[in-house]
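In: Just to be clear, the model below is a prediction. Sequence and coordinates:
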Amino acid sequence: MLIDYKQVKIYQQEKLILDQVDFHVEEGEFVYIIGKVGSGKSSLLKTLYCELDIYQDEAEKAEVLGRSLTSIRRKDIPALRKEMGIIFQDFKLLTDRTIYKNLQFVLKATGWKKKDEINQRIEEVLTDVGLLDKKDNLPHELSGGEQQRISIARALLNHPKVIIADEPTGNLDPETANNIVKLLKDITTNGTAVVMSTHNIPMLDRYPGVVYQCADGAMRDVTSSYNKLNLSEEQD
Ligand SMILES: Nc1ncnc2c1ncn2[C@@H]1O[C@H](COP(=O)(O)OP(=O)(O)OP(=O)(O)O)[C@@H](O)[C@H]1O
């Protein structure tokens, strides 16, 4: 199991945001986190990549990629993050350099040294997201949807076991959002899990997955309320 949360309490400052969180993600799963504004979706995602701590005695179990988040040491966090891809609503590309240099920056920062290997990996991920021809452009020369595809390419660089995406389609028009979710769903076919928060409910039927809902200070698996398309396809 890639993510294994059992009876976890998630706090922001002193305030309990989510109680008794049971959350499990297996290889290749496509997982949506839904819920109203302020219901705790981002807080949950932040705990996964250690931007928000889980206190020692506030979880029966909180493991990500085999590491316990209640006891992980600060110095071990970069290694954990290297095994994840993280995608944000506002892309977070470095605006002063080309797409190629954005990706090169991440590879160098994560220990890649050989120029030809760096070059090859950048070409692979840009091909995966269909934007190899944009490698010498600056981020502002790309559309919002293209910038989000680049941030997905960046997340793929180190062959992550899991991709965490916090409202990756929040700033995009419906058709572009659709293409981004399709791309993320396609990524799961090679075994990478994707966990994404979203307000885009129609997407849940179009690209079925596991669905967790944050509401009233708790998170529940509500998959059976969605995936209707999937079920009817199976019945045919
Ligand atoms: N840095 C912070 N310090 C204190 N409280 C915070 C902080 N960040 C978020 N909160 C509070 O935690 C609660 C959950 O916020 P969170 O951002 O996790 O919700 P969300 O479901 O992701 O919302 P949205 O849909 O707007 O992204 C909110 O009440 C929010 O005000």
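Out: Structure received.
In: list the contacts for the residue nearest the centre of the chain?
Out: The C-alpha lying nearest the average C-alpha coordinate of the chain belongs to residue 164 (C-alpha atoms, centre = their mean; 1.5 Å). Contact analysis of residue 164 by C-beta atoms under 8 Å, 6 or more residues apart in numbering lists 45, 48-49, 84-87, 195-196. C-beta here means a position set from N, CA and C on the backbone, and glycine is covered the same way.
In: where exactly do the strands run in the chain?
Out: Secondary structure of the chain, counting by DSSP state E: strands at 3-12, 15-25, 30-35, 59-64, 67-68, 84-88, 162-166, 193-197, 210-215, 218-221.
In: Name the stretch among those that sits most buried.
Out: Highest mean neighbour count of these: strand 193-197, a mean of 26 (counted as mean count of other C-beta atoms under 10 Å).
In: Other residues contacting it?
Out: So strand 193-197 is in contact with 2-3, 25-35, 41-42, 44-45, 48, 87, 161-168, 181, 184-185, 187-188, going by C-beta under 8 Å, 6+ apart.
In: Check those residues one by one and keep those near the ligand.
Out: On the criterion C-beta under 6 Å from any ligand atom, 35, 41-42 are the entries of the contacts of strand 193-197 that sit beside the ligand.
In: and which of those residues is nearest to residue 117?
Out: Distance ranking of these against residue 117, using C-beta to C-beta, places residue 42 first at 34.4 Å.
In: how many neighbours does that closest one have?
Out: 20 (other C-beta atoms under 10 Å).
In: Enumerate the residues of this protein near the ligand.
Out: For the chain, the contact set with the ligand under C-beta under 6 Å from any ligand atom comprises 12-13, 17, 35, 37-43, 214.
In: farthest pair in those?
Out: Across those, the longest distance by C-beta to C-beta is 19.7 Å; it joins 13 and 35.
In: Dump the strands of the chain to TSV, plus mean pLDDT.
Out: TSV is the format used below for these (pLDDT from 0 to 100):
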stretch	mean pLDDT
strand 3-12	97
strand 15-25	97
strand 30-35	98
strand 59-64	97
strand 67-68	96
strand 84-88	94
strand 162-166	97
strand 193-197	98
strand 210-215	97
strand 218-221	96
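In: Need those strands in TSV (columns: distance to residue 108).
Out: Formatted as TSV, the strands of the chain follow (distance: least, C-beta to C-beta, whole Å):
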stretch	distance to residue 108
strand 3-12	28
strand 15-25	29
strand 30-35	31
strand 59-64	25
strand 67-68	24
strand 84-88	17
strand 162-166	21
strand 193-197	26
strand 210-215	35
strand 218-221	37
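In: Give the full set of residues in contact with the nearest residue to residue 23 once chain neighbours are set aside.
Out: Leaving aside its chain neighbours, residue 23 sits nearest to residue 5 (4.0 Å; criterion: C-beta to C-beta, 6 or more residues apart in numbering). If you count contacts by C-beta under 8 Å, 6+ apart, residue 5 has them with 21-24, 59, 61-63.
In: With residue 115 instead?
Out: Residue 115 touches nothing, counting by C-beta under 8 Å, 6+ apart.
In: And for the one 3 residues further on?
Out: Contacts of residue 118 were listed using C-beta under 8 Å, 6+ apart, and they are 104, 107-108, 112.
In: Mind listing what's buried along stretch 45-52?
Out: Residues of stretch 45-52 classed as buried by neighbour count (16 or more other C-beta atoms under 10 Å): 45-50, 52.
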